[in-house]
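>>> Predicted model, plus sequence, below.
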Amino acid sequence: MKQFKDTLAQMSINELWDVHGQVADILAAKLTADKTEPDKRLAKLGPAPHTVRARRPYPKVLPKYRNPSNVSETWAGRGKQPRWVKKLLRSGKRIDDLRIDRAAT
């Protein structure tokens, strides 16, 4: 290795750049070859099994609450409260006042 360093130290800048280019080309070819070998082995094994499970279908949730001033606004009672629910609760209404009567429908 010391002999190799001495040889490099004696070279001119242009010669060193030529060696640098050759080393870069050889290194790139070897890295590409090293990368394609595992890809070939994986291709022989076949496609990877699908490890992520599909999400199970959940039934549609019917709305439980309705805005009395705008009947098109409903809420199932899941997740974050809509703004209209918060507004009505702050104004003094109870959540039961907004409940949809299922027996009537």
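Looks like it came in fine.
>>> any chance you could map the strands in this protein?
Using DSSP state E, the strands found in the chain span residues 65-66, 74-75.
>>> For the residue positioned nearest the centre of the chain, give me the pLDDT.
With distances taken as CA atoms, centre = their mean, Val52 lies nearest the centre of the chain, 13.0 Å away. Here, the pLDDT recorded for Val52 equals 73.
>>> Equivalent analysis for Ala104, please.
56.
>>> for Asp6, same thing?
Taking Asp6 on its own, its pLDDT is 85.
>>> Can you tell me how far it is from Lys30?
26 Å (CB to CB, to the nearest Å). The way it works is simple: take the backbone N, C-alpha and C, and place the C-beta from them, glycine included.
>>> Same question for Leu16.
Distance from Leu16 to Lys30, counting by CB to CB: 21 Å.
>>> Pro47 now?
Pro47 is 28 Å from Lys30, by CB to CB.
>>> Repeat that for Arg102.
Distance of Arg102 to Lys30, given as CB to CB: 72 Å.
>>> Which residues are in contact with Arg56?
With contact set as CB atoms under 8 Å, 6 or more residues apart in numbering, Arg56 has no partners.
>>> Could you tell me the phi and psi values at it?
When quoted as degrees, to the nearest 10, the phi and psi of Arg56 stand at phi -70, psi 150.
>>> Next one, pLDDT for it please.
Per-residue pLDDT puts Arg56 at 86.
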